[in-house]
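**Student:** Curious how this folds, go ahead:
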Amino acid sequence: MNILYLIPSLSNSGGMERVLTDKVNYLIKLGNYSITILTTDMKATESPFYELDVNIKVINLEIFFDSIFNLPLLKKRKESKVLLEMYERKLSKYILDNQVDICISMGAKELEFFSKLDVPVVKIFESHFNPTVRSSFIAVHKGSSLFWRILGKYRDWQYLQQTKNLDQVVVLTKNAQIEWKKTHNNVCLINNPSPFVTISDKIDFTEYKRAIAIGRLEDQKGFDLLIESWRNVYSKYPNWKLDIFGEGSKKNLLQKKINENNLDQVITLKGTTRNVQQELLTSDFYVMSSRYEGLPMVLLESISNGLPIVSFDCPTGPAEIIENNDCGILVLNGNINDLSEKIISVIENVDLRKKMSTIAIEKSKKYSIELIMRQWEQLFTEMLSNKARSK
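**Tutor:** Next comes the predicted model:
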């Protein structure tokens with residue numbers, strides 16, 4: 001079976017890149033698949049951040065949609081049209097020349113033309129967010145003036161139209177499935193797999209006096225809110241530290257915020273790490289301050305390592321993993337004071353952390369890569385059978 005994945009880049013250390021890498025590495029080892037990953041915004045000189053099996057082919061088209069991101073709106077639209085036409089031509093040619101059976105979009109620029117692409121291939125959209133992700137993105141990056149709200153609503157509407165006629169939309173959470181099914185008849189649910197094998201039931205309850213957060217240093221991840229909330233934590237527990245792992249365009253602004261709040265002795269921007277598991281295992285709990293998410297890989301990583309979670313109840317994902325405050329605590333979305341209070345409550349209650357750790361480990365077993373990839377294989381077989389019957 002010949003499968004083609006579409007993603008902007010593999011050079012980043014994000015969750016989407018991580019989950020794609022884990023899935024294709026698993027599939028290629030089964031021996032039944034030929035897998036290619038096609039990128040639009042990755043340079044030929046760059047390497048994937050996560051290690052790929054040598055039998056997986058990566059093709060970098062070097063179209064670079066990110067180069068026009070900050071252009072004025074009208075100029076950006078004009079330039080985007082040119083790049084999209086180039087991308088459509090190159091993608092169509094690759095699919096035809098290589099007899100691709102299944103093409104899977106991770107939700108980037110190809111959605112602008114994907115459903116109308118006139119090629120004999122099964123088209124799957126792997127949706128990592130809810131149907132209003134575009135308006136959420138615009139609100140975070142452009143603000144909430146009337147113009148940007150209207151544009152956001154229009155982009156959400158486009159998003160739905162662009163995905164209705166695909167062969168399948170795969171969503172990651174029950175909440176996303178409910179939302180997508182309001183407008184679509186082609187939706188199924190397959191969770192992300194955890195990249196880690198669940199640790200043994202015997203947990204090391206050493207107290208490190210350390211909380212951890214991981215993610216791109218961008219507005220979506222809400223680290224500005226987390227830093228503000230830590231002021232209250234610091235006033236009560238000055239010996240507890242917060243380490244934030246990741247890189248991004250907001251690094252200098254976040255460091256400035258840390259310094260202005262006199263938190264530079266307890267909050268550290270650590271950069272990226274290739275040993276996420278070790279960092280999780282030497283922390284007491286994980287904090288997620290995102291404004292919106294899909295099914296966050298880092299939360300799956302956390303529970304696989306028995307790490308309790310404190311998270312904003314943002315759309316979507318955290319509430320899929322944390323149910324009735326079992327393996328963590330959900331916080332009123334965007335509420336800095338509530339986040340501080342919940343962090344402090346977890347610091348103060350060692351027995352609660354132990355209880356959450358035990359539940360987290362048990363819960364993580366349902367996200368094993370074997371179970372999740374079995375669902376993907378079943379979907380692939382079903383989609384190709386449907387395609388054959390429709391000829």
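**Student:** Glu88 versus Phe114, what's the distance?
**Tutor:** 9 Å (C-beta to C-beta, to the nearest Å). (Glycine included, C-beta is placed from N, CA and C.)
**Student:** mind listing the helices for the protein?
**Tutor:** Listed in chain order, the helices of the chain (DSSP state H) span residues 15-30, 73-97, 133-142, 146-163, 174-181, 223-236, 251-260, 276-281, 297-304, 318-321, 336-348, 350-364, 369-390.
**Student:** TSV for those helices, including mean pLDDT?
**Tutor:** What follows is the helices of the chain, written out as TSV (pLDDT from 0 to 100):
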stretch	mean pLDDT
helix 15-30	96
helix 73-97	96
helix 133-142	87
helix 146-163	94
helix 174-181	93
helix 223-236	98
helix 251-260	98
helix 276-281	94
helix 297-304	94
helix 318-321	93
helix 336-348	98
helix 350-364	95
helix 369-390	93
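**Student:** Neighbour count: Phe114 and Glu88, which is higher?
**Tutor:** Phe114 (22 against 18; other C-beta atoms under 10 Å).
**Student:** and Val331, how many residues sit next to it?
**Tutor:** Around Val331 there are 26 residues (other C-beta under 10 Å).
**Student:** Per-residue pLDDT of it, please?
**Tutor:** According to the prediction, Val331 has pLDDT 97.
**Student:** That one against Val310, yeah?
**Tutor:** Yes. Shown here, Val331 and Val310 form a contact pair, counting by C-beta atoms under 8 Å, at 6.5 Å.
**Student:** Tell me what the closest residue to Ile214 other than its chain neighbours is bridged to.
**Tutor:** Spatially, and ignoring its direct neighbours in sequence, Ile214 is nearest to Phe245 (4.5 Å; C-beta to C-beta, 6 or more residues apart in numbering). Following DSSP bridges, Phe245 is listed with bridge partners Ile214, Gly271.
**Student:** ok, now which ones touch Phe245?
**Tutor:** 212-215, 270-273, 276, 279 (C-beta atoms under 8 Å, 6 or more residues apart in numbering).
**Student:** Tell me how far it lies from Ile343.
**Tutor:** For Phe245, the distance to Ile343 - C-beta to C-beta - is 18 Å.
**Student:** what's the answer for Leu242, then?
**Tutor:** 9 Å.
**Student:** Kindly report the same for Ile35.
**Tutor:** Taking C-beta to C-beta, one finds Ile35 at 41 Å from Ile343.
**Student:** just to revisit the earlier point, residues shared between the contacts of Val331 and Val310?
**Tutor:** Common neighbours of Val331 and Val310 (C-beta under 8 Å, 6+ apart) are 339, 342.
**Student:** ok so, going back, could you export the contacts of Phe245 as a markdown table, including neighbour count and distance to Ser290?
**Tutor:** A markdown table is the format used below for these (neighbours: other C-beta atoms under 10 Å; distance: C-beta to C-beta, whole Å):
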| residue | neighbour count | distance to Ser290 |
| --- | --- | --- |
| Ile212 | 23 | 14 |
| Ala213 | 24 | 10 |
| Ile214 | 27 | 11 |
| Gly215 | 24 | 7 |
| Lys270 | 14 | 18 |
| Gly271 | 12 | 19 |
| Thr272 | 14 | 18 |
| Thr273 | 14 | 19 |
| Val276 | 21 | 17 |
| Glu279 | 18 | 18 |
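**Student:** now, which of those sits nearest Lys43?
**Tutor:** Thr272 (17.8 Å; C-beta to C-beta).
**Student:** related to what we said a few turns ago, mind listing the shared neighbours of Leu242 and Ile343?
**Tutor:** With C-beta under 8 Å, 6+ apart, Leu242 and Ile343 have common neighbours 211, 230, 233, 287.
**Student:** Count the neighbours of the second one for me.
**Tutor:** Meaning Trp230. Applying other C-beta under 10 Å, I find that Trp230 has 26 neighbouring residues.
**Student:** again, but for the last one
**Tutor:** The number of residues packed near Val287 is 27, by other C-beta under 10 Å.
**Student:** I'd say it and Phe312 touch.
**Tutor:** No. Counting by C-beta under 8 Å, Val287 stays clear of Phe312, with 9.2 Å between them.
**Student:** any residues in contact with both of these two?
**Tutor:** Leu339.
**Student:** hmm, back to that, out of the helices of the chain, which comes closest to Asn191?
**Tutor:** Nearest of those (C-beta to C-beta): helix 369-390, 6.0 Å.
**Student:** which residues make contact with that closest one from outside it?
**Tutor:** 1, 3, 22-23, 26-27, 101-102, 122, 124, 167-168, 170, 188, 190-195.
**Student:** Return the residues in contact with the nearest residue to Trp180 once chain neighbours are set aside.
**Tutor:** Leaving aside its sequence neighbours, Trp180 sits nearest to Val187 (C-beta to C-beta, 6+ apart; 4.5 Å). Listed by C-beta under 8 Å, 6+ apart, the contact set of Val187 reads 168-171, 177, 180-181.
**Student:** For the nearest residue to Lys221 once chain neighbours are set aside, give me phi and psi.
**Tutor:** Spatial nearest neighbour of Lys221, excluding adjacent residues (C-beta to C-beta, 6+ apart): Gly215 at 4.1 Å. Backbone geometry at Gly215, expressed as degrees, to the nearest 10, gives phi 160, psi 170.
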